[in-house]
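Novice: Here is the input, now give the coordinates:
(one chain, ligands or ions: 1)
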Amino acid sequence: MSSNKEEQELYLYDPSLLLKLDFYRSPAKFNPPITCVAPGEPWLKVRPLKSGDYRRGFLQILSQLTSIGEISEVQFLNRFAEMRAKGDYYVTVIEDLRKNKIIGSATLVIERKFIHSCGNRAHLEDVVVDDTYRGKQLGKLIVVTVTCLAEYLGCYKMSLECKDKLIAFYRSIGYVDEPGNSNSMTLRYDKQANL
Ligand SMILES: CC(=O)SCCNC(=O)CCNC(=O)[C@H](O)C(C)(C)COP(=O)(O)OP(=O)(O)OC[C@H]1O[C@@H](n2cnc3c(N)ncnc32)[C@H](O)[C@@H]1OP(=O)(O)O
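Specialist: Next comes the predicted model:
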């Protein structure tokens, strides 16, 4: 049974959106077959980020991706509230319900455009799976989830930046390098940052 405190937690976005996704539109192959609704184990849950996830190790998961600095629970909740109010951030996580712990995450950010008839472009950000859970299709599961979500929400394309060694991983999910149009360029303002 869930506690009162858990019931009072907010979702970053409407969790019922995840029930509407058509995984079979994705070229990704799952063996055995899994989806965000049926992730293969009763103790695995794919859902939007919740306001209580600070205490479920959400930031520890992100620290396996890059440096996150010192973030207090208040700072986390303020950022959560900003993202929720804006409505364009779909941080999606995988929880291990046995341990009450976040074990994976991926973020869909929607950029509103004037071009393409005031279209919406999707960006895939901050994909990570806890290192003790890797190699079990969970990376593919969380990426396909937010990829299908972007399509469901009407985005005209989704793009990402990644290290060379992950190109094969993203290709297996349907992402392609567009000839003559796949350069990634950066100008850093945080010259001290370790990435
Ligand atoms: C847009 C971005 O955010 S890019 C940043 C990506 N994140 C990171 O680099 C953080 C550290 N890495 C991770 O968290 C994980 O290794 C992830 C998320 C990349 C992959 O998670 P996993 O749960 O291990 O992936 P999963 O088990 O679903 O693997 C899917 C397929 O990709 C392949 N794959 C997974 N990781 C890698 C890798 N690092 N290099 C090459 N292939 C890989 C697997 O072999 C598997 O292939 P198969 O379908 O032929 O069997």
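Novice: Ala81 in helix, strand or coil?
Specialist: Put simply, Ala81 is helix when judged by DSSP: H, G, I helix; E, B strand; the rest coil.
Novice: Can you give me the neighbour number for it?
Specialist: Neighbour count for Ala81, taken as other C-beta atoms under 10 Å: 13. Using the backbone N, CA and C atoms, a C-beta is placed for each residue, glycine as well.
Novice: For Lys86, which residues are in contact?
Specialist: Listed by C-beta atoms under 8 Å, 6 or more residues apart in numbering, Lys86 has no contact partners.
Novice: Can you tell me how far it is from Arg79?
Specialist: Plainly put, Lys86 is 11 Å away from Arg79 if you go by C-beta to C-beta, to the nearest Å.
Novice: How about Val144?
Specialist: Taken as C-beta to C-beta, the span from Val144 to Arg79 is 26 Å.
Novice: more crowded one of those two?
Specialist: Taking other C-beta under 10 Å, Val144 and Arg79 do not tie; Val144 has more neighbours (24 against 12).
Novice: how deep is Ile167 tucked in, by neighbour count?
Specialist: 14.
Novice: Which residue is the nearest non-sequential neighbour of it?
Specialist: Distance criterion C-beta to C-beta, 6 or more residues apart in numbering; nearest residue to Ile167, sequence neighbours excluded, is Asp177 at 7.4 Å.
Novice: how much space is there between the residue in the chain that the ligand sits nearest to and Leu65?
Specialist: Distance from the ligand to each residue of the chain (C-beta to the nearest ligand atom) is smallest for Gly139, at 2.3 Å. From Gly139 across to Leu65, the span is 12 Å (C-beta to C-beta).
Novice: again with Val93
Specialist: Plainly put, Val93 is 13 Å away from Leu65 if you go by C-beta to C-beta.
Novice: higher neighbour count, these two?
Specialist: Between Val93 and Leu65, Val93 has the larger neighbour count (other C-beta under 10 Å), namely 23 against 14.
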